[in-house]
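Asker: Structure for this input, please:
(one chain, ligands or ions: 3)
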Amino acid sequence: MSEGTRVLVLNAGSSSVKYQLIDMLDGSRQASGLVERIGEPAGRLVHTPPGGQRRESLQAFPDHGAALKAVAGELAADGLDLDSPELAAIGHRVVHGGLRFTEPTLVTDEVLAEIRRLIPVAPLHNPANITGIEVARALRPDLPQVAVFDTAFHTGMPEHAARYAIDRQVADEHRVRRYGFHGTSHQYVSRATARLLGKDPAEVNVIVLHLGNGGSASAVAGGRCVETSMGLTPLEGLVMGTRSGDVDAGVVFHLHRVGGLSVDEIDDLLNRRSGLLGLCGDNDMREILRRSEEGDADARLAFEVYVHRLRKYIGAYYAVLGRVDAIAFTAGVGENAAPVRAAATAGLEALGIAVDPALNSIRSDRARVISPEFLRTGGAPRVTVAVVPTDEELEIARQAFALVRTGA
Ligand SMILES: Nc1ncnc2c1ncn2[C@@H]1O[C@H](COP(=O)(O)OP(=O)(O)O)[C@@H](O)[C@H]1O
Ligand SMILES: CC(=O)OP(=O)(O)O
Ligand SMILES: [Mg+2]
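Answerer: Ligands and ions are numbered 1, 2, ... in the order given. Below is the predicted model of the structure:
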């Protein structure tokens, strides 16, 4: 077993790779960075060395393999060679773990084959995750590679939340059920929210709104996920950057039978050309807020559809939990877009939910409460609304390190 104390975490997303090198002795970040717009003509790598100046390099990254090689180069330039004996493991975010992977798992050829078998149910993600694992294995074949699954935190969901109301035999034969994603983030943020409240996670009920490029909501009761908005694939639920979220399944039949689109075309439409992008031509919330402010009607409608869906889920999860102690906004949109947080919670005072405009407008990368100190709720218990930055990489590093150190 390696005596190293550092873990490199790779979070390979649909068009990006986020990475962090973390020393598990004290949780300190040795380096971190992001490669974005992979596969596009103009890519970007931003690397932050230990305690140093961010370096940006603008270049095209044709695929995830090219991106990871560039990351290894940046780390080497800081003397953080991937050959270092200080590295104990490489942790990988893997989006779909199906029914089998409910815990962090050491990657073997057989595990990799199973992750590959799940590509049809995570077509935007598992291929990138696999590439990340393959490139990392080629760079350090001697090192444990640990897969940490987005689905794992949701595997304890009650059966009534995990089941679709379709023929049970068909569902079981094809393993059609609701798996849920972003679980590492929902787990980390729900615990961090409990800490912010000064309580034990076992005592609190939290609605976590993870709003990034992909987005999902979860209802966490006493530390356990009891409901989440994504399903068999990361398509169900909230309106996302390029994904539709919930649509009547009848839309698929209609587009096929009447619209003449093939199943693959509909898959591409709903996963890559819908959501905010489909509604207004932009998938970046920053652009949508800017355009809305200038009076652009398409951007405004996209914003309203996005927020309306979010409000529906807040209401639904309030009912699922019965008692809500906190609502936590997280990920790129949740942490940065004050107008989304304000609109999603507006007019809900009777549920004990409100956001203080001054607190909401403060920019910070720390977990913080944005609900007002005093609120007329008409008797409803007050809900703490908070912005709680997620750290999927730190959580993956912890889980990966625990596995290689203790085998648990
Ligand atoms: N300052 C900001 N204001 C509004 N939205 C932002 C801001 N910064 C980032 N975002 C949004 O966050 C999204 C990315 O979120 P992130 O959690 O990094 O996504 P992912 O991990 O899914 O790639 C972007 O598409 C952008 O819309
Ligand atoms: C599962 C998922 O949607 O992930 P991301 O937000 O990284 O696309
Ligand atoms: Mg993300």
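Asker: Torsion angles phi and psi at the closest residue to ligand 2 within the stretch 201-350 of the chain?
Answerer: Nearest residue of the stretch 201-350 of the chain to ligand 2: Gly214, at 2.2 Å (CB to the nearest ligand atom). C-beta: built from backbone N, CA, C; applies to glycine. Main-chain torsions, Gly214, degrees, to the nearest 10: phi -90, psi 160.
Asker: same deal with Ala136?
Answerer: For Ala136, the backbone dihedrals (degrees, to the nearest 10) come out as phi -70, psi -40.
Asker: and it, what does it touch?
Answerer: Ala136 makes contact with 8, 10, 68, 90, 92, 143, 145 under the criterion CB atoms under 8 Å, 6 or more residues apart in numbering.
Asker: Now the two most distant members of those residues.
Answerer: Maximum pairwise distance among those (CB to CB): 14.3 Å, between Leu68 and Leu143.
Asker: Roughly how far does the nearest residue to Pro381 once chain neighbours are set aside sit from ligand 2?
Answerer: With sequence-adjacent residues excluded and distances taken as CB to CB, 6 or more residues apart in numbering, Pro381 is closest to Gly352, at 5.2 Å. As judged by CB to the nearest ligand atom, to the nearest Å, Gly352 and ligand 2 stand 29 Å apart.
Asker: so Gly352 makes contact with Leu375?
Answerer: Yes: using CB atoms under 8 Å, Gly352 is in contact with Leu375, at 7.0 Å.
Asker: Isn't the residue of the stretch 201-350 of the chain closest to ligand 2 up against Gly241?
Answerer: Yes: assessed by CB under 8 Å, Gly214 is found in contact with Gly241 at 7.4 Å.
Asker: okay, and the common contacts of Gly352 and Leu375?
Answerer: Arg382.
Asker: Contact residues of the protein facing ligand 1?
Answerer: Neighbours of ligand 1 within the chain, by CB under 6 Å from any ligand atom: 13, 16, 212-214, 241, 284-286, 289, 331-333, 336-337.
Asker: sorry, back to before: which of the contacts of Ala136 fall in strands?
Answerer: 8, 10, 90, 92, 145 (DSSP state E).
Asker: out of these, which are buried?
Answerer: Among the ones in strands among the contacts of Ala136, those classed as buried by 16 or more other CB atoms under 10 Å are 8, 10, 90, 92, 145.
Asker: In terms of distance to Asp26, which of those ranks first?
Answerer: Within these, distances to Asp26 taken as CB to CB reach their minimum at Leu8, with 16.4 Å.
Asker: that's a helix at Val239, yeah?
Answerer: No: counting by DSSP: H, G, I helix; E, B strand; the rest coil, Val239 is not part of a helix but coil.
Asker: residue contacts, it?
Answerer: Val239 makes contact with 215, 245, 275-276, 279, 305-306, 309-310 under the criterion CB under 8 Å, 6+ apart.
Asker: can I get these in CSV with neighbour count?
Answerer: Output for the contacts of Val239, formatted as CSV (neighbours: other CB atoms under 10 Å):
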residue, neighbour count
Gly215, 28
Gly245, 24
Gly275, 26
Leu276, 25
Leu279, 20
Val305, 17
Tyr306, 26
Arg309, 21
Leu310, 27
